[in-house]
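1. Quick one, structure for this:
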Amino acid sequence: MKKVTLYTDGSCSCNPGPGGWGAILMMTLPDGTLYKKEYSGGSMSTTNNIMEMTAVLEGLKQLKAPCEVTLVCDSQYVINALEKGWAVGWRAKGWKKADKKMAANHELWAALLEQIEENGHQMHYQWVKGHAENQYNNRCDELAVAETKKYAAMLQKG
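-> Predicted structure coming up:
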């Protein structure tokens, strides 16, 4: 099973508003070379949490075989919901949380769980402080912010 590190970040202006996401997939190839690929995208009207989740989802979609994935992310919302099993629990209860309210973004949580489970990925989770010393998290932030600015400019032009 290939070992992959997936770095992700999301960004949003005005929350909700224009937003972007960035992801970097990295792995060491059998010949010892480092494979690194960057992905990004955005939306005209979104939230920061949706962009954080979308970055993870889009990164996982790039994997064509089961992988051992270390997700490195500065979103405690994403890390906790996946690592602590919150999303799995919400799904088991019809996307209801302990307070009986609907889990926010349940469609994205369902898509994320599907990507992980149906593709047989073994997941590991690592939270990192945003805007700190992790160069790849910082690069994902740059990608996400650039997408946010692109969509904000499109909105201004009408």
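2. now the helices: where do they sit in the protein?
-> Secondary structure of the chain by DSSP state H: the helices cover 48-61, 76-83, 86-92, 106-118, 135-157.
3. Which elements pack onto the last one?
-> In this case it means helix 135-157. strand 2-12, strand 17-28, strand 34-46, helix 48-61, strand 67-73 (3 or more Cβ pairs under 8 Å, 6 or more residues apart in numbering; DSSP states H and E). To be clear about C-beta, it is placed using only N, CA and C from the backbone, and glycine gets the same treatment.
4. please redo it, this time with the cut-off set to 6 Å
-> The helices and strands touching helix 135-157, judged by 3 or more Cβ pairs under 6 Å, 6 or more residues apart in numbering; DSSP states H and E, are strand 2-12, strand 17-28, strand 34-46.
5. so that helix versus helix 48-61, what angle?
-> 120 degrees (axes from the mean of the first three to the mean of the last three Cα atoms, to 10 degrees).
6. Now find how far off-centre helix 135-157 is within its chain.
-> 15 Å (Cα atoms, centre = their mean, to the nearest Å).
7. OK, contacts around the spatially most central residue of the chain?
-> Nearest residue to the geometric centre of the chain (Cα atoms, centre = their mean): residue 56, 2.4 Å. By Cβ atoms under 6 Å, 6 or more residues apart in numbering, the residues touching residue 56 are residue 8.
8. how about the helices and strands packed on helix 135-157 in CSV, adding distance to residue 117 and mean pLDDT?
-> As requested, these are exported to CSV (distance: least, Cβ to Cβ, whole Å; pLDDT from 0 to 100):
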stretch, distance to residue 117, mean pLDDT
strand 2-12, 16, 96
strand 17-28, 19, 96
strand 34-46, 22, 96
